[in-house]
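Asks: 3D, please:
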Amino acid sequence: SAWMYSLVNVFSWRRAGTGQSHEMKIIFRRLSALSQFLLHAYFVFDGPDCPQLKRGKDIPSLSAPRLLSQRFQELLTAFGFNWHVAPGEAEAELACLQSLGLIDAVATPYNDALLFGATCIIRSVPNIGRYEDVYIYTPDAIEKDASLEWGDLLLIVLMSSTDNDASGSWCSVEVARRLAYYGFGRSLLEAAVSFPFVEFMDFVAKWRDDVCEVLRTDPQRLLGGKHHEIARIIKEEHTEFPDPTVLAMYLLPLTSWSDGHSPVTTTTSRQPDLHSLATFCLQCLSWSPSIVQSELMDALTGTAMRALLQVSSVFMQKMPALFLIMYSYQATPTAGSCDMAFGS
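Replies: Next comes the predicted model:
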């Protein structure tokens, strides 16, 4: 989970979820605050077939402590939040849920949800500390304000991902963004979704040569300079660029709607189980009865808020629109911090 990863970096990865778990206390309070918002929150964890390469980083060694994940999921259930483990990558699952109308927005610190087809992404404003302050990203806004389409974003991700061998990026996001204005991302996307594999690989060979030529010459002066070294790296070190496997990961991701998996049917939350919450606090957080009573006051507020969310649909039409917000929590976290974000 992005939450889990950021918290165990602060405390200790090896002892996460053990003993008097400081990270679980923080997660408890975040969930308690979340329960008081007028929304249904739903959680998705990365699954067993999550790609080994995730956001340009090799991740097997960063699998989350099992006990921490288990306790996190127990706490979600006690708070009445539904969750499930995706078969593959959580962001792909989020985007699929949104495309099917099961959720209204995706809350995640990871931009690649856009590449999977998410149409509304919510991110908290860094270093603010208030859940209400958020950034909202949509493909339409990005296309309007930055003149970047889906294919352009795909090119930027492919070029600016981390090089696992060198532990660094071989092309900056800025150069990749400027290169996208030459149309390489859009032509690559169109070829990927329309050409048979052999024909696509023939296309890619010429496409890669054209990319290198533009990097060396910048004929329309869109790059702000010539980039001979990046062209050399593509020619000599990244001869498989763009990697068809990475392209397939974004264009044909594994989700619960893939063959052989069970689709998700509901994302609405339930009433918190106050008895289970109290038991969790006593046994897992080692809180005294007086502290438990104090901490559960916010959960009581959340119980009242959840009751409002369960009002009959006959009356719901007279109420302000509610947002289903999907929270992405990776069982296999990646580097970076994550705060909660709200968009309604």
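Asks: lowest-pLDDT helix or strand in the chain?
Replies: helix 313-316 (a mean of 44; mean pLDDT, DSSP states H and E).
Asks: neighbours around residue 237, how many?
Replies: Using other C-beta atoms under 10 Å, residue 237 is surrounded by 12 other residues. Backbone N, C-alpha and C define where each C-beta goes, glycine included.
Asks: now residue 107
Replies: 31.
Asks: same check, this time on residue 23
Replies: Considering only other C-beta under 10 Å, residue 23 is surrounded by 25 other residues.
Asks: what residues sit buried inside the strand or helix carrying it?
Replies: Residue 23 is part of helix 22-34 when elements are defined by DSSP states H and E. Across helix 22-34, burial judged by 16 or more other C-beta atoms under 10 Å covers 22, 23, 24, 25, 27, 28, 31, 32, 34.
Asks: which of the residues you listed lies closest to residue 283?
Replies: Closest to residue 283 out of the buried residues of helix 22-34 is residue 24 (11.3 Å), distances taken as C-beta to C-beta.
Asks: ok, back up a step: possible to save the buried residues of helix 22-34 as CSV with pLDDT and distance to residue 149?
Replies: Output for these, formatted as CSV (pLDDT from 0 to 100; distance: C-beta to C-beta, whole Å):
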residue, pLDDT, distance to residue 149
22, 79, 44
23, 82, 39
24, 87, 42
25, 90, 44
27, 90, 37
28, 93, 41
31, 92, 37
32, 92, 40
34, 88, 33
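Asks: which of those lies closest to residue 181?
Replies: Once C-beta to C-beta is applied, the member of those that ends up nearest residue 181 is residue 34, at 39.8 Å.
Asks: report the contact partners of residue 79.
Replies: Shown in contact with residue 79 (C-beta atoms under 8 Å, 6 or more residues apart in numbering): 31, 32, 34, 35, 272, 277, 299, 302.
Asks: correct me, but the fifth one touches residue 296?
Replies: No. With contact defined as C-beta atoms under 8 Å, residue 272 does not count as touching residue 296 (9.1 Å).
Asks: who has more neighbours, those two?
Replies: residue 272 (23 against 19).
Asks: what ranges do the strands span in this protein?
Replies: 39-45, 53-54, 57-58, 83-85, 105-107, 121-124, 134-137, 162-163, 168-169, 323-328 (DSSP state E).
Asks: report how many residues lie close to residue 136.
Replies: If you count neighbours by other C-beta under 10 Å, residue 136 ends up with 12.
Asks: measure it to residue 35 for me?
Replies: Look at residue 136 and residue 35: by C-beta to C-beta, to the nearest Å, they are 22 Å apart.
Asks: out of the contacts of residue 79, which two sit at the greatest distance?
Replies: The largest distance within these, taken as C-beta to C-beta, falls between 34 and 277 and amounts to 13.5 Å.
Asks: I'd say residue 300 and residue 271 touch.
Replies: No. Using C-beta under 8 Å as the test, residue 300 is too far from residue 271 to be in contact (11.2 Å).
Asks: the buried residues of helix 22-34 into CSV, with extra columns for distance to residue 290?
Replies: Listed next are the buried residues of helix 22-34 as CSV, based on distance: C-beta to C-beta, whole Å:
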residue, distance to residue 290
22, 20
23, 23
24, 19
25, 16
27, 21
28, 16
31, 21
32, 17
34, 24
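Asks: for those, which one is nearest residue 233?
Replies: Among those, residue 23 lies closest to residue 233 (C-beta to C-beta), at 39.3 Å.
Asks: pretty sure that closest one is touching residue 68, no?
Replies: Yes. Using C-beta under 8 Å, residue 23 is in contact with residue 68, at 6.8 Å.
Asks: just how off-centre is stretch 175-183 within its chain?
Replies: The chain centre lies 24 Å from the centre of stretch 175-183; the measure is C-alpha atoms, centre = their mean, to the nearest Å.
Asks: tell me the buried residues in it?
Replies: So, applying 16+ other C-beta under 10 Å, buried residues of stretch 175-183: 175, 176, 177, 178, 179, 180, 182.
Asks: can you add distance to residue 225 and give those back as JSON lines?
Replies: Output for those, formatted as JSON lines (distance: C-beta to C-beta, whole Å):
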{"residue": "175", "distance to residue 225": "9"}
{"residue": "176", "distance to residue 225": "14"}
{"residue": "177", "distance to residue 225": "14"}
{"residue": "178", "distance to residue 225": "9"}
{"residue": "179", "distance to residue 225": "12"}
{"residue": "180", "distance to residue 225": "16"}
{"residue": "182", "distance to residue 225": "14"}
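Asks: how about low-confidence regions in the chain?
Replies: For the chain, the stretches flagged by pLDDT under 70 are 1-21, 52-65, 125-132, 162-168, 311-344.
Asks: what's the domain layout of it?
Replies: 2-143+265-328, 149-251 (automatic domain parsing).
Asks: quick check: which of the ones you listed is nearest to residue 259?
Replies: Per C-beta to C-beta, nearest to residue 259 of the domains of the chain: domain 2-143+265-328, 10.7 Å.
Asks: for the closest one, the distance to its chain's centre please.
Replies: Between the centre of domain 2-143+265-328 and the centre of its chain there are 11 Å (C-alpha atoms, centre = their mean).
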